[in-house]
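In: following is a predicted model, sequence given first.
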Amino acid sequence: MSEKSVEEKLYSDDNLDVSTFKCKNCGGEAVFDPKTQKMKCLYCGSSFDIDNSTVIKERDLSELIDGGDVWDETEVYQCKSCGAKEILSNQEVSVKCSFCGTSNIVKTEELPGLKPQGITPFKIPKEQANQIAVKWAKQKLYAPRSFKKSVKAEALHGIYNPVFTFDALTKSSYNGTLGKNYTRYRFINGKRVAQTETRYFNINGFQDVTFDDLLVQASSKIPTGIIKDIEPFPTKVALEYRTEYLRGYPASTYDKSGSDCWNECKNIMDSTIERQILKRYDYDVKVRLAVNTTYLNEQYKYVLVPVYVGHYNYKKKLYNFYINGFNGKIGGKTPVSAVKVTFTVFIILALVAGVIAAIMLL
Ligand SMILES: [Zn+2]
Ligand SMILES: [Zn+2]
């Protein structure tokens, strides 16, 4: 009874040995499979469960200043072609750069830094991400045809991107001066003339705002604007970080410290608070607004979020586009074909000329 049949063994759900990541049934390499959220053997297809029962909780902001655990089971590699730095789990052998696709990757002596607390694993398989990219590229009217043809699964790489999320309750007091425009009628040389004037008034009061899981990008490799475009990432249900998720997917190094990210986050919070205050008033001109904010219950999470990166070289320039590895949202710049733009301009000019000629004839 205890002896399992071959078939049972093949699709065994027993946990994999995390020190080797070798398939128990054939000795092959097992990697993370987004479709099943399990480890899958690249050779025989056996799959193995990952313990994903723990959703992480926020930590107190004071712990961020003190540091955290060292990420010792990983190493930092650098791409000699585009300079991108990637963190790989120790056992990884051959990889291509996620940003430019070359294999010109060397190991560095750099330390990978802090170990992530949580992760939101890839949910969308590469083939599906590729279909999204192909559809998106087709809709880009001015992109060169060679770009559209270049969008292939091989040119798409998944990478985990480090982010901090912050929670805080803010209490602000404020005072300021706003102005409201109105129309005043005057008689000038016997004529009634409308003039716009501004009536100024002082404001003051209190505003509380609660922030939950505000995301700040810790790596500058992917532009912040792009991350905003492809948000949201399900950081609220981020799982406890496990090396298994990095099998087959590298992570980007971070170049902003936790405190830098917190300062950036406070700026985002401050502008939100200001917007909320101003929303309370009917005004046209902001003359002055002074806000004094206290931040309470500040908490953070340091999480890896999944992104697919596509790359394309056009006229010696590298173009990247990005797909959210959880929900499939896509963003990024495509090259622009000068020929296509010129052609469109000519067509428009021809149409305008045609319309003018028709009007003149009539
Ligand atoms: Zn196997
Ligand atoms: Zn590269």
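Out: Cool, got the structure. Ligands and ions are numbered 1, 2, ... in the order given.
In: so for Glu298, what's the nearest residue that isn't a sequence neighbour?
Out: Of all residues not flanking Glu298 in the chain, Leu61 sits nearest, at 3.9 Å (CB to CB, 6 or more residues apart in numbering). For glycine as for every other residue, the C-beta is placed from the backbone atoms N, C-alpha and C.
In: the one you found touches Tyr300, doesn't it?
Out: Yes. Using CB atoms under 8 Å, Leu61 is in contact with Tyr300, at 5.7 Å.
In: ok, these two, which is more surrounded?
Out: Tyr300 (25 against 18; other CB atoms under 10 Å).
In: which residues do Leu61 and Tyr300 both contact?
Out: 166, 262 (CB atoms under 8 Å, 6 or more residues apart in numbering).
In: which other residues reach the longest helix seen in the chain?
Out: Counting by DSSP state H, the longest helix found in the chain is helix 338-361. Helix 338-361 is contacted from outside by 141-142, 144, using CB under 8 Å, 6+ apart.
In: for the stretch 251-362 of the chain, what spans make up the helices?
Out: Along the stretch 251-362 of the chain, the stretches classed as helices by DSSP state H, counting those that start in this stretch are 258-278, 338-361.
In: OK, contacts around the residue nearest in space to the middle of the chain?
Out: Geometric centre of the chain, nearest residue: Ile227, 2.9 Å, by CA atoms, centre = their mean. By CB under 8 Å, 6+ apart, Ile227 lies in contact with 161, 163, 215, 217, 322.
In: which of the helices of the stretch 251-362 of the chain has the lowest mean pLDDT?
Out: If these are sorted by mean pLDDT, helix 338-361 sits at the bottom with a mean of 82.
In: distance between it and the chain's centre?
Out: 41 Å (CA atoms, centre = their mean, to the nearest Å).
In: send me that helix as PDB with only the CA atoms.
Out: The C-alpha trace of helix 338-361 is given here as PDB (Å, rounded to 0.1, in the frame of the first residue of the first chain):
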ATOM      1  CA  ALA A 338       9.500  57.900 -39.400                       C
ATOM      2  CA  VAL A 339       8.200  56.500 -42.700                       C
ATOM      3  CA  LYS A 340       4.800  55.700 -41.300                       C
ATOM      4  CA  VAL A 341       4.500  59.100 -39.600                       C
ATOM      5  CA  THR A 342       5.500  61.000 -42.800                       C
ATOM      6  CA  PHE A 343       3.100  58.900 -44.800                       C
ATOM      7  CA  THR A 344       0.200  59.800 -42.400                       C
ATOM      8  CA  VAL A 345       1.100  63.500 -42.600                       C
ATOM      9  CA  PHE A 346       1.000  63.400 -46.400                       C
ATOM     10  CA  ILE A 347      -2.400  61.700 -46.400                       C
ATOM     11  CA  ILE A 348      -3.800  64.300 -44.000                       C
ATOM     12  CA  LEU A 349      -2.300  67.200 -46.100                       C
ATOM     13  CA  ALA A 350      -3.800  65.600 -49.200                       C
ATOM     14  CA  LEU A 351      -7.200  65.300 -47.500                       C
ATOM     15  CA  VAL A 352      -7.100  69.000 -46.300                       C
ATOM     16  CA  ALA A 353      -6.100  70.200 -49.800                       C
ATOM     17  CA  GLY A 354      -8.900  68.100 -51.300                       C
ATOM     18  CA  VAL A 355     -11.500  69.700 -48.900                       C
ATOM     19  CA  ILE A 356     -10.200  73.200 -49.700                       C
ATOM     20  CA  ALA A 357     -10.400  72.600 -53.400                       C
ATOM     21  CA  ALA A 358     -13.900  71.200 -53.100                       C
ATOM     22  CA  ILE A 359     -15.000  74.300 -51.100                       C
ATOM     23  CA  MET A 360     -13.400  76.700 -53.700                       C
ATOM     24  CA  LEU A 361     -15.200  74.900 -56.500                       C
END
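In: please report how far the residue of the stretch 101-250 of the chain found nearest ligand 1 lies from Phe122.
Out: Residue nearest to ligand 1 within the stretch 101-250 of the chain: Arg247 (13.6 Å; CB to the ion). Arg247 sits 11 Å away from Phe122, taking CB to CB, to the nearest Å as the criterion.
In: care to break this structure down by domain?
Out: 1-50, 53-335 (automatic domain parsing).
In: could you tell me the least trusted of those domains?
Out: Per-stretch averages of pLDDT across the domains of the chain put domain 1-50 at the bottom, with a mean of 78.
In: buried residues, stretch 22-36. List them.
Out: For stretch 22-36, the neighbour count (16 or more other CB atoms under 10 Å) marks 23-26, 28-34 as buried.
In: next one: the helix or strand where Ser172 lies to chain centre, how far?
Out: According to DSSP states H and E, Ser172 maps onto strand 156-188. Strand 156-188 sits 22 Å away from the centroid of its parent chain (CA atoms, centre = their mean).
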